[in-house]
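Novice: attaching a predicted model along with its sequence, questions to come.
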Amino acid sequence: MAKKNSVKLTPGILGFLQALGVAAYCAFVGIIFWKGNEIFGKMDVYVGPVTFLILFIASAMICALMVFYQPYLMFFAGKKKEAAETVVNTAAWLFLAFTALLILMYFR
C-alpha cells in the first residue's frame with residue numbers, strides 16, 4: 001500500500017490557519033454588513049430580518065466547522081492532546097486578531 005504524502009501541521013500552525021480562515025470569513029461577512037444596502041438595496045420587507053438570521057446561523061455553523069472539524073478528527077484518531085491544543089491555539093490566535101483590530105481602531 002502506498003502511503004499518502006501529507007503535511008504534518010503543529011497545533012500552533014493549524015490553530016493559526018484556522019483562526020486566519022475564521023477572520024477572513026468574518027471580514028467577508030463584515031463587507032456584506034458594511035456595504036449591504038449598496039449591494040442589495042434597502043430591504044423594508046420581512047425578508048430582511050429572516051435573511052440576517054439565516055446568515056447568522058449559517059455563519060455559526062461555518063465557523064464551528066472551520067474551528068472544530070480537524071480537532072474532531074484528531075480526537076477520534078486518538079490524538080486528544082493535539083486536538084485540545086489546536087482548539088486552544090485557535091482561540092488564542094482569534095483573541096490576538098481581535099485585540100489587534102481593537103488597537104488599530106483606537107489609533108485610527
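Specialist: Structure received.

Novice: from residue 52, how far out is the most centrally placed residue in the chain?
Specialist: The chain has residue 22 as the residue nearest its centroid, 2.0 Å off, counting by C-alpha atoms, centre = their mean. Distance of residue 22 to residue 52, computed by C-beta to C-beta, to the nearest Å: 19 Å. Every C-beta, even on glycine, is put in place using the N, C-alpha and C of the backbone.

Novice: can you check residue 41 too?
Specialist: 15 Å.

Novice: residue 106 now?
Specialist: Taking C-beta to C-beta, one finds residue 106 at 28 Å from residue 52.

Novice: next one: residue 81
Specialist: Taking C-beta to C-beta, one finds residue 81 at 39 Å from residue 52.

Novice: neighbour count for these two, which is higher?
Specialist: residue 52 (14 against 11; other C-beta atoms under 10 Å).

Novice: show me how far the one helix or strand the more buried one maps to is from its chain's centre.
Specialist: Assignment of secondary structure by DSSP states H and E places residue 52 within helix 47-76. On the basis of C-alpha atoms, centre = their mean, to the nearest Å, helix 47-76 sits 8 Å off its chain's mean C-alpha point.
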